[in-house]
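Q: Okay, sequence plus prediction incoming.
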Amino acid sequence: FETPFQGSAFAAVQIANLIRARQMEGKKCVLGLATGSTPISLYKELVRLHKEEGLSFANVITFNLDEYYPLEREAVQSYWSFMHRNLFDHVDINPANIHIPNGEWKQDEIKKYCLDYEARIDAVGGIDLQILGIGNNGHIGFNEPGSSIYSKTRLVNLENSTRIANSKDFQNISKVPRLAITMGISTILKARRILLMAWGFKAGIVARSVEGDVTEQVPASLLQQHNDCVFIVDQQAASELT
Ligand code: F6R
């Protein structure tokens, strides 16, 4: 797409069509959602579709990819806050249908909560459509380079480059959590359809992910193994594709 706005509008239409199709069948629609700067315009467009074109989220169930650890839910930097600020507070989703890994989980119980997160996804029939962004190091969710293709929801270490990229939301780098809870690569690959969005300066990593070797060193390259994954990019992010 020429601009991030056009790419976001395309992604929003994909989501809206799926929600409406499921509504017609009297079924739930299960969305996997991402945070970060990339999907902000997508969420803005979804809110517009709700307010101006009657798109209802009453049948929507969501699972977010990740959350910093430890971090209070109410902190402005939490992905819980991000999702409510940018989407959930402005649409008619049932709060009981919202799932976000919790940065307040007790450390000695995290394994249990992570297993439970996976079980909840399975219990609603799996994710219909997963939205992803991409880190400059190729991470998807917070699955940093080296993450196994078999990985599931778990506690991970963040790379320093990720902490630096995200430090703009915190007072300084030392305040950025060193850990996060993230869905795994296998959790993501189980989604029936995947839309990865990338804008601007990400051309290098987009090209490596789409045209490079499939390797755990570039987590997004593992998406080449999925049979319904689309990269939505603007002109700049597409500029290194051959
Ligand atoms: C966020 C997430 C991350 C981001 C990635 C890109 O939930 O899963 O993988 O998508 O770090 O972040 P932005 O969009 O801020 O460039």
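A: Now that the structure is in, tell me what you want to look at.

Q: pLDDT value on the residue of the chain found nearest the ligand, please?
A: Nearest residue of the chain to the ligand: G133, at 2.4 Å (Cβ to the nearest ligand atom). In this view, the C-beta of every residue, glycine as well, is placed from N, C-alpha and C. With respect to pLDDT, G133 scores 99.

Q: Check whether it really touches G200, as I assumed.
A: No. At 11.6 Å, G133 does not count as touching G200 under the criterion of Cβ atoms under 8 Å.

Q: residues contacting the residue of the chain closest to the ligand?
A: For G133, the contacting residues are 34-39, 140, 196-198, by Cβ atoms under 8 Å, 6 or more residues apart in numbering.

Q: which of those tops the neighbour count?
A: Comparing the contacts of G133 by number of neighbours (other Cβ atoms under 10 Å), I140 comes first, having 29 neighbours.

Q: where exactly do the strands run in this protein?
A: Applying DSSP state E to the chain gives strands spanning 29-33, 60-64, 66-69, 98-99, 129-132, 154-157, 179-182, 193-198, 229-233.

Q: Point out the other helices and strands that the fifth one packs with.
A: Strand 129-132 makes packing contacts with helix 4-24, strand 29-33, strand 193-198 when contacts are defined by 3 or more Cβ pairs under 8 Å, 6 or more residues apart in numbering; DSSP states H and E.

Q: about what we covered before: quick check: the residue of the chain closest to the ligand vs A58, distance?
A: 27 Å (Cβ to Cβ, to the nearest Å).

Q: now L189
A: The value you get for L189 to A58, if Cβ to Cβ is used, is 29 Å.

Q: of the two, who's got more company?
A: Between L189 and A58, counted using other Cβ under 10 Å, L189 has the larger neighbour count: 19 against 12.

Q: Can you give me every residue that contacts that one?
A: Here L189 is in contact with 149, 222-223, 225-226 (Cβ under 8 Å, 6+ apart).

Q: Could you report the neighbour count for H90?
A: Neighbours of H90 (other Cβ under 10 Å): 17.

Q: Q236 too?
A: Q236: 16 neighbours (other Cβ under 10 Å).

Q: quick one: contacts for the residue sitting nearest the centre point of the chain?
A: Nearest residue to the geometric centre of the chain (Cα atoms, centre = their mean): A34, 2.2 Å. Residues counted as contacts of A34 (Cβ under 8 Å, 6+ apart) are 64-65, 131-133, 141.

Q: Closest one of those residues to R48?
A: I131 (16.8 Å; Cβ to Cβ).

Q: The closest residue to the closest one other than its chain neighbours and D213, how far apart?
A: Distances taken as Cβ to Cβ, 6 or more residues apart in numbering place A34 nearest to I131, at 5.0 Å, with adjacent residues excluded. Separation of A34 from D213 (Cβ to Cβ): 24 Å.

Q: With N97 instead?
A: 39 Å.

Q: ditto for V230
A: 20 Å.
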